[in-house]
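In: What shape does this take:
(chains A and B)
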2 protein chains.
Amino acid sequence: MTSTRVRVDLPRWLTAWQRSLPARLPDDRAAMRVALEACRRNIDAGSGGPFGAVVCAAATGAWLAVGVNLVVRNRASVLHAEVVALTLAQQRLDRDCLAAPGGVVLYTTTEPCAMCLGAIPWSGVTRLVCAARDADARGIGFDEGDKPRAWIAGLRRRGIDVTRSLMRDEAVALLEHYRQVGGEIYGRRSH
Amino acid sequence: MTSTRVRVDLPRWLTAWQRSLPARLPDDRAAMRVALEACRRNIDAGSGGPFGAVVCAAATGAWLAVGVNLVVRNRASVLHAEVVALTLAQQRLDRDCLAAPGGVVLYTTTEPCAMCLGAIPWSGVTRLVCAARDADARGIGFDEGDKPRAWIAGLRRRGIDVTRSLMRDEAVALLEHYRQVGGEIYGRRSH
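Out: Have a look, this model is predicted:
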């Protein structure tokens, strides 16, 4: 009876598909398109919730990691797309803080829940770009948690810029797709 | 250039020491004592920040997991003691939500930062017991993040009971010990 190992099992399709991506994503829309496509593939493969995230170097557009929601697959309620992407990026760079000259951007297909919001300042990212809004996730039954009312101002005070609603319609369509295929609103309905 | 694996490397002392623990921790103080001892061992082994956490079944006192802060060791800013303990417990039970008849308690040597606070409702724990206060962690240079002002009321509204300041002096002494041995106030100074 031991519990001394954490497993994080990434889906095989993610590993394979990542290889087909260009090394650089030239602008916000290109990066968000990858996050949305990761989300769509996660839904269609049945490997997790309808959320995707990408971490990119701001100066070059080089992507560092692509994450998807893996809560149910890995039996780990912390494995939201943002946590997966941030951790992959940190371990790829071999640093617990991503902060770097030029800055680092986190793209996410839905605004972060309370946990992921709290994780962002510790990660070292300098900019957050979101597609769907909190209300869109709540619209299909997910809980976003108790975020401070002025969460965007809070990030900005910490030097983290925020862009909302980029390609929101595309992200909302994926949330709706997840609902239509009967995707699990898992656990306490977090994402 | 792939980034498709998350590593979570637990310290060997943790695996070995866990085997010496009794299967049941009969009351809050016994459980917090294990969290504090895990914290102390983490400091002395140089394996991470001065934070420990334990997850127990409320009805029996059976412990499910012991976590310590592993941010620097694993190059992962999310690996706070609470996240490590919750994830180990979930994977041990093979469920992404710990909620169970009788309830599940998270003991932590310092009140949760904004990220860990956000993670608690998704985890399925039904009670949170803390030793040191936010202000104690800030006192040695750690940042607790932007928590909602009424975070305790927020957890209670979700059915999660909160007990504060249990064995606070012992936890503060460990924070102070970490400072005195020159422990790293890593990353953006999160814990």
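In: hey, let's count contacts and neighbours off CA atoms from now on
Out: Noted.
In: What is the longest helix along chain A packed up against?
Out: If you go by DSSP state H, chain A has its longest helix at helix A:28-45. Packing contacts for helix A:28-45, counted by 3 or more C-alpha pairs under 8 Å, 6 or more residues apart in numbering or on different chains; DSSP states H and E, involve strand A:52-57, strand A:63-68, strand A:104-110, helix A:168-180.
In: one more time with 10 Å, if that's ok
Out: helix A:12-18, strand A:52-57, strand A:63-68, helix A:81-93, strand A:104-110, strand A:127-132, helix A:168-180 (3 or more C-alpha pairs under 10 Å, 6 or more residues apart in numbering or on different chains; DSSP states H and E).
In: Alpha carbons only: can I get that helix in PDB?
Out: Extracted in PDB, the C-alpha atoms of helix A:28-45 (Å, rounded to 0.1, in the frame of the first residue of the first chain):
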ATOM      1  CA  ASP A  28      -2.300  34.900 -31.800                       C
ATOM      2  CA  ARG A  29      -4.800  33.300 -34.200                       C
ATOM      3  CA  ALA A  30      -2.300  30.700 -35.300                       C
ATOM      4  CA  ALA A  31      -1.500  29.700 -31.700                       C
ATOM      5  CA  MET A  32      -5.200  29.700 -30.700                       C
ATOM      6  CA  ARG A  33      -6.000  27.600 -33.700                       C
ATOM      7  CA  VAL A  34      -3.600  24.900 -32.400                       C
ATOM      8  CA  ALA A  35      -5.200  25.100 -28.900                       C
ATOM      9  CA  LEU A  36      -8.700  24.700 -30.500                       C
ATOM     10  CA  GLU A  37      -7.500  21.800 -32.700                       C
ATOM     11  CA  ALA A  38      -6.000  20.100 -29.600                       C
ATOM     12  CA  CYS A  39      -9.300  20.600 -27.800                       C
ATOM     13  CA  ARG A  40     -11.300  19.100 -30.800                       C
ATOM     14  CA  ARG A  41      -9.000  16.100 -31.000                       C
ATOM     15  CA  ASN A  42      -9.300  15.500 -27.300                       C
ATOM     16  CA  ILE A  43     -13.000  15.400 -27.600                       C
ATOM     17  CA  ASP A  44     -13.000  13.200 -30.600                       C
ATOM     18  CA  ALA A  45     -10.500  10.800 -29.100                       C
END
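In: Flag every buried residue along that helix.
Out: In terms of neighbour count (16 or more other C-alpha atoms under 10 Å in any protein chain shown), helix A:28-45 has its buried residues at A:28, A:31-43.
In: buried ones in stretch A:115-123?
Out: Quick answer for stretch A:115-123 (16+ other C-alpha under 10 Å): A:115-123.
In: Which ones among these also lie next to chain B?
Out: A:115-123 (C-alpha under 10 Å from any C-alpha of the partner chain).
In: Go through these and say which is closest to A:Ala23.
Out: A:Ser123 (21.7 Å; C-alpha to C-alpha).
In: Verify the stated contact: the closest one with A:Leu88.
Out: No - contact criterion C-alpha atoms under 10 Å: A:Ser123 and A:Leu88 do not qualify, at 11.2 Å.
In: Overlap of the contact sets of the two?
Out: B:Ala76 (C-alpha atoms under 10 Å, 6 or more residues apart in numbering or on different chains).
In: so where is chain A shaky, pLDDT-wise?
Out: Low-confidence segments of chain A (pLDDT under 70): A:1-4, A:187-191.
In: ok, 90 please
Out: A:1-9, A:183-191 (pLDDT under 90).
In: Please report the distance of A:Asp146 from chain B.
Out: Going from A:Asp146 to chain B by C-alpha to the nearest C-alpha, to the nearest Å gives 7 Å.
In: How many residues are close by that residue?
Out: Residues lying near A:Asp146 (other C-alpha atoms under 10 Å in any protein chain shown) number 18.
In: ditto for A:Thr15
Out: A:Thr15, neighbours per other C-alpha under 10 Å, totals 15.
In: my read: it touches A:Val68, true?
Out: No - under the criterion of C-alpha under 10 Å, A:Thr15 is not in contact with A:Val68, lying 11.6 Å apart.
In: what touches both of those two?
Out: Contacts common to A:Thr15 and A:Val68, judged by C-alpha under 10 Å, 6+ apart, are absent.
In: picking up where we left off before, any chance of a markdown table for the buried residues of stretch A:115-123, columns distance to A:Lys147 and secondary structure?
Out: Putting the buried residues of stretch A:115-123 into a markdown table (distance: C-alpha to C-alpha, whole Å; DSSP: H, G, I helix; E, B strand; the rest coil) gives the following:
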| residue | distance to A:Lys147 | secondary structure |
| --- | --- | --- |
| A:Met115 | 9 | helix |
| A:Cys116 | 10 | helix |
| A:Leu117 | 8 | helix |
| A:Gly118 | 9 | helix |
| A:Ala119 | 12 | helix |
| A:Ile120 | 13 | helix |
| A:Pro121 | 14 | helix |
| A:Trp122 | 16 | helix |
| A:Ser123 | 18 | helix |
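In: Most widely separated two among those?
Out: Farthest pair in the buried residues of stretch A:115-123, by C-alpha to C-alpha: A:Met115 and A:Ser123, 12.5 Å.
In: which residues are in contact with both of these two?
Out: In contact with both A:Met115 and A:Ser123: A:83, B:78, using C-alpha under 10 Å, 6+ apart.
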